[in-house]
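A.B. asks: What would the 3D arrangement of this be:
(chains A and B)
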Amino acid sequence: MSVIVILLIASISVAALFLGAFIWNIKSGQYDDEYGSSIRILFDDTSKETKIK
Amino acid sequence: MEAQIAERVQCYHCGEDCNTSPIQLDDKLFCCEGCKMVYSLLNKSGLCEYYDLNQNPGINQKITVRQGKFAFLQDEKIMQQLISFKDETQSHVTLYLPQIHCSSCLWLLDNLPKLNDNVISSKVNFVRKEVEIIFNHAKFSLEEVAVLLTSIGYEPYISLNDLGKKKPRVSRKMIFQLGVAGFCFANVMLMSFPEYLGLEKSEEYLQYFFRYINLALALPVFFYSAQPFYVSAWGSLKQKFLNIDAPIVLAIFVTFFRSLYEILTSTGSGYFDSMTGIVFFMLIGRVLQDRTYQRLSFDRDYTSYFPIAVSVLKDGKEIPTALPDVKAGDTLLIHNEELVPADGIITRGHGYIDYSFVTGESIPVTKEMGEIIYAGGKQKGANIELLVIKEVAQSYLTKLWNNGDSQKKEQQQKKSFVHALSRYFTIILFSIALVTAIYWAFVDPAKIWSAVTAILIVACPCALLLSNTFTNGNVLRILSRNGFYLRNAETIEEIAKVDSVVFDKTGTLTNAHKHDIEYIGEEISKETEQQIAALASQSNHPLSRSLAEFLGKNTATRVVDFTEETGLGTSGLVNGTLLAIGSGEFITGHRNAHEEGTRVYVSVNKHFVGYFTFRNHYRQIESCIDQLKNKVALSVISGDNSSEKSSLGKIFGSNSKLLFNQKPDDKLAYIQSLQNNGRTVMMLGDGLNDAAALMQSNVGVAITDDSNNFTPASDAILEAGKLNKLAGFIRICKLNKRIVIASFILSIIYNIIGLSFAVQGNLSPLIAAILMPSSSLSIILLTFGASNLLSKYEL
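C.D. replies: Have a look, this model is predicted:
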C-alpha cells in the first residue's frame, strides 16, 4: 500500500512545480503588458543578424 | 478660373493630408520636413519595417520640438529622480510616451538599440505607454535619450509628478496569496477524499498520513494567504469598529485550531478542506473587486499636468530650473506649446492661452502685456516672458486643489452597508452559539466545545463577503466595458445613493472639439466658401480648423501670399481673391466688446461680408437627462455667460437649476451647500477648474474624450461618448445592493442547514465540505448571472 504514499508525494510535487511556475510567471512580469506580448510574438526576429554586421 | 484639383496625397510617415506642396524623398511623399527627417533617420538604420507593420504609423512632426527643450535633464537633482537604477556602466530610466498607439510604435521602440549603440536595451509596456530604457551613461546622457526619442517622434512626457515620490509598483502580493491558496485547497480536497469515502481498518496508517499532509498544506493558507483578512480585521478593531472581516477571521482561527487539535489528538480529521476553500474563494472575490486599470489614474493632481522644469531668464540667459525652485519675482520664458506653471504678468510678447486643461474650452484667449495669466494655460504661438507673482504651490489653481483635497479626507470614513449587515449577523450568531452552549451544559457538557466551534465554523459570514465582492467585481467589469471606470468598489455604493447630479457645461455637456457653426451676413457663393475653406485649412488655429472641417476641407486649392497673425487672423490670395478671416478687430478694424459667443469674421477683397458664429456642440444627452430628470435633482454649473440658458433650459426642464458665471470656488461652494442640505451629490466635470468640486462631491466623475488623456482626480472616469448611458449606470449601481442582499438570503438558507447539524454537535467534515463550496459556488453563479442579466436589460 505504500505505493499510494509515493504516488501522492509525486503528485503534490508536480502540483508544487506548477505553483512555482505560476509565481515565477507573475514575478517576471509576463502579465504586466498583455497587449505588447501578443504583438511582439508576431515580429520577425531580425535583431540579431543586424547587430552582428 | 478653375480650381486646381489634385488627388488626395497622404504623408507616408503620419498619414495626414499633404498640403499643396508635398516633400518628396525616395518616391515617398511627406507633409513636412519633420516627417521626412524621421523617415530618413529610420531608413539609414534599416528600421523601415516600421512602415510595413502599419500604414502611416508615424506621429505628425509639423509642430517641431524646440532645441534644448530637455536641457533641464542635465540637472543632477532632476536626473536622480528619474533614473531608477544606476551602476558603473548603465542607467535605467522609465519614460512615459503618450504617442504610443500601434504595433509599429512597439516595434520601433523595442529596437531602439539599433538606432543608437549606446542604448543597451529598451522595452515597451504598451498598456502603460511606457518604455524602460537601459543606456550606457558613460557615452550617453539622459538628455540625449530624450532627444533621441523626440527625433523619431516620441517626445517623452516628463511632468512635475515624476519629481519626488516614487510611484508604487502594482502589488502582486494578493495574486501570490491566491495562487498558494488555490494550490493548497485543491490538494487538501484530494487528500480528504479517502476520509469522506471511509477507509478500511487495515489502512488506518494511511489516514494519519493524509491528515498530516492536510495539516502541512493548511499552514501556508493560514499563515500566508489569509493575511489580507487579518490585516483588515485588525485595522477595523483598532478603530473600534467591527467590519465584515472580523467574524471571518474568527471563523478561520476557530476552524484552524479545532482541526489542529483533532489531528494532533487523533480524534478527527479536521475541517482544513473547508478552511482552505473559503480563503481561496474569498481571495478570488477580493482580487476581482480590487482590479485596477493600469492606463487610468484616479489620483492625478496638478503635478501631472505641470512640466518638471521651466526656463528662467537671468541676465539674458535661459536657465532650466526645476519647477519647485521657481520664486516669485523670477522671469519665465514660456515657449510655444508650453504650459504656464505659475501665476504671472506678461512682460513681453502676446499671450495666446489655451485653457482647455482648466476650463475645457479649447479656443484660446488673447492676453496682452501687463495682463495677469493664471497657471494652467498653454501658450500657443510665439514666446512670451512672464514675471512670476506667485509661486507654483501658491497659485490660484493649486491652492484650490489643496483646498478640495483636505476636505475629501474627512469624508473617507464611509462605511459599507455590508459591514452593518455582518454586525447583525455576528450578534445573532453569537446568541445561537450561547444558547447551544447553555443547552449542552445541562445535557452533555462534553459536547459544548464541539458544538460551539462547529457553529462558528459553519456560519462564518464568508457567503456575505463573497456575494459582495463578486457582485462588485462583476459590476465594475460590466461598467468598464461600457466606458465607465470606477476607482473602487465603494464608489458603486456611493453612486447608488446619489440624489443630485451636477454637470459642468463646457467640455462635459458640450464637446470642446466640436462646434455648431452658422454663417451670418451677406450671401456668399459656393465658390467663395471653398476659397475660405482653403485659406482656413492653412492655419493651425483651432477655429480655422473647425471652420475648414465645416466647409469641407479643401487642401487642393492653392493659397498664395499666406500670412497669419497669431491670435488675430489669417489672410491670403485664393484664386486671385484676397480673403481674410479672423477676429472682429482684425477684419473690421474696431473691437466689439459686446459680441456674444465666438465669431470668425470674413472679408473678401478687403470688404467685410459677414461672420461665422461658433456655438458649443452638445453631446447627445437629451434621452439621458429625460430619464434622470424625474429621479434626481439636476443642476448645471458653468463658468461661461448665460447666452445658452434657453437652449439648456429646454433640455433640462424647469425643475433643474442652471447657474452661470461660476468660478471654481463657486462650484465647490455649490456642492458643499447641496451636501449641507443632506444631499448626496454626483458631479460631472472635465477640467482642472472642476477639480475641487469633483473632490468635494460624493462621487466625482471626470469626463474624457479619450481615456488616455489626463483627467483630474476623481472617483470615476467616464468616456464622453457614453454620457447618454449615465441613467443606466446609476440604476445598475442601485441594483448592485439588491443582488448582494438576495444572495445573502440564499446563503442564510445554507447556514440554517449547516447550523441545524452544528447545534446538535455532529457536524461531520463531509457535510461541511459539501456545504461550504456548494454555497460559495451557488452564490458566485447567482451574483454573476444576476448582474450580467440586469446589465443587458439596463444598458
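A.B. asks: Break down the stretch 101-250 of chain B into its helices, ranges please.
C.D. replies: Per DSSP state H, counting those that start in this stretch, the stretch 101-250 of chain B carries helices over the ranges B:103-110, B:112-115, B:142-151, B:173-197, B:204-220, B:227-238, B:245-264.
A.B. asks: Could you do the stretch 401-550 of chain B as well?
C.D. replies: For the stretch 401-550 of chain B, the helices defined by DSSP H, counting those that start in this stretch cover B:417-443, B:448-458, B:462-481, B:490-497, B:526-536, B:542-551.
A.B. asks: Could you say which of the ones you listed is packed most deeply?
C.D. replies: Across the helices of the stretch 401-550 of chain B, averaging neighbours per residue (mean count of other Cβ atoms under 10 Å in any protein chain shown) puts helix B:462-481 on top, at a mean of 24. Yep, even glycine has a C-beta here, placed from its N, CA and C like the rest.
A.B. asks: what angle sits between that one and helix B:227-238?
C.D. replies: Per axes from the mean of the first three to the mean of the last three Cα atoms, to 10 degrees, the angle that helix B:462-481 makes with helix B:227-238 is 110 degrees.
A.B. asks: Contact distance from chain A - what residues of chain B qualify?
C.D. replies: Chain B comes close to chain A at residues B:46, B:49, B:53, B:103, B:106-107, B:110-111, B:113-114, B:124-128, B:170, B:172, B:175-176, B:179-180, B:183, B:186-187, B:190-191, B:203, B:206, B:209, B:213, as judged by Cβ under 8 Å from any Cβ of the partner chain.
A.B. asks: Can I get the helices of the stretch 401-550 of chain B in a markdown table including mean pLDDT?
C.D. replies: Formatted as a markdown table, those follow (pLDDT from 0 to 100):
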| stretch | mean pLDDT |
| --- | --- |
| helix B:417-443 | 86 |
| helix B:448-458 | 83 |
| helix B:462-481 | 86 |
| helix B:490-497 | 88 |
| helix B:526-536 | 81 |
| helix B:542-551 | 78 |
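A.B. asks: quick one, which of the ones you listed is nearest to residue B:99?
C.D. replies: For residue B:99, the closest of the helices of the stretch 401-550 of chain B is helix B:542-551, at 19.9 Å, according to Cβ to Cβ.
A.B. asks: what's the neighbour count on the closest residue to chain A within the stretch 101-250 of chain B?
C.D. replies: Nearest to chain A in the stretch 101-250 of chain B, going by Cβ to the nearest Cβ, is residue B:126, at a distance of 3.7 Å. By other Cβ atoms under 10 Å in any protein chain shown, 24 other residues sit near residue B:126.
A.B. asks: nearest residue to it other than its sequence neighbours?
C.D. replies: Distances taken as Cβ to Cβ, 6 or more residues apart in numbering or on different chains place residue A:36 nearest to residue B:126, at 3.7 Å, with adjacent residues excluded.
A.B. asks: do residue B:147 as well
C.D. replies: residue B:70 (6.0 Å).
A.B. asks: wait, what's in contact with that neighbour?
C.D. replies: Neighbour list for residue B:70: B:143, B:146, B:147, B:150 [criterion: Cβ atoms under 8 Å, 6 or more residues apart in numbering or on different chains].
A.B. asks: Going by residue numbers, what spans are strands in chain A?
C.D. replies: Counting by DSSP state E, chain A forms no strands at all.
A.B. asks: Near chain B, which residues of it are found?
C.D. replies: Counting by Cβ under 8 Å from any Cβ, the residues of chain A near chain B are A:1, A:4-5, A:8, A:11-12, A:15-16, A:18-19, A:22-23, A:26-27, A:32-36, A:39-40, A:42-44, A:46-47, A:50-51.
A.B. asks: Skip the chain neighbours and tell me the closest residue to residue 22.
C.D. replies: Looking at chain A here, since you left the chain open. Closest residue in space to residue A:22, ignoring its immediate chain neighbours: residue B:179 at 5.0 Å, by Cβ to Cβ, 6+ apart.
A.B. asks: if you could check chain B rather than the one you did, that'd help
C.D. replies: Nearest in space to residue B:22, with sequence neighbours left out and distances taken as Cβ to Cβ, 6+ apart, is residue B:29 at 4.2 Å.
A.B. asks: And for residue B:628?
C.D. replies: residue B:727 (5.1 Å).
A.B. asks: isn't residue B:560 right up against residue B:571?
C.D. replies: No: applying Cβ atoms under 8 Å, one finds residue B:560 not in contact with residue B:571, separated by 11.0 Å.
A.B. asks: Neighbour count for the two, which is higher?
C.D. replies: residue B:571 (22 against 9).
A.B. asks: what about the more buried one, which SS state?
C.D. replies: Three-state call for residue B:571 (DSSP: H, G, I helix; E, B strand; the rest coil): strand.
A.B. asks: what's across from it in the sheet?
C.D. replies: Judged by DSSP bridges, the bridge partners of residue B:571 are residue B:563, residue B:580.
A.B. asks: Roughly how far does residue B:105 sit from residue B:317?
C.D. replies: Distance from residue B:105 to residue B:317, counting by Cβ to Cβ, to the nearest Å: 37 Å.
A.B. asks: Okay, now the unreliable bits of chain A?
C.D. replies: Residues of chain A that meet the criterion pLDDT under 70 lie in A:1, A:45-53.
A.B. asks: Residue 34: what's it in contact with?
C.D. replies: No chain in the question, so chain A it is. Residue A:34 neighbours (Cβ under 8 Å, 6+ apart): residue B:127.
A.B. asks: You answered for a different chain; I wanted chain B.
C.D. replies: Counted by Cβ under 8 Å, 6+ apart, residue B:34 has contacts B:60, B:61, B:62, B:64, B:153.
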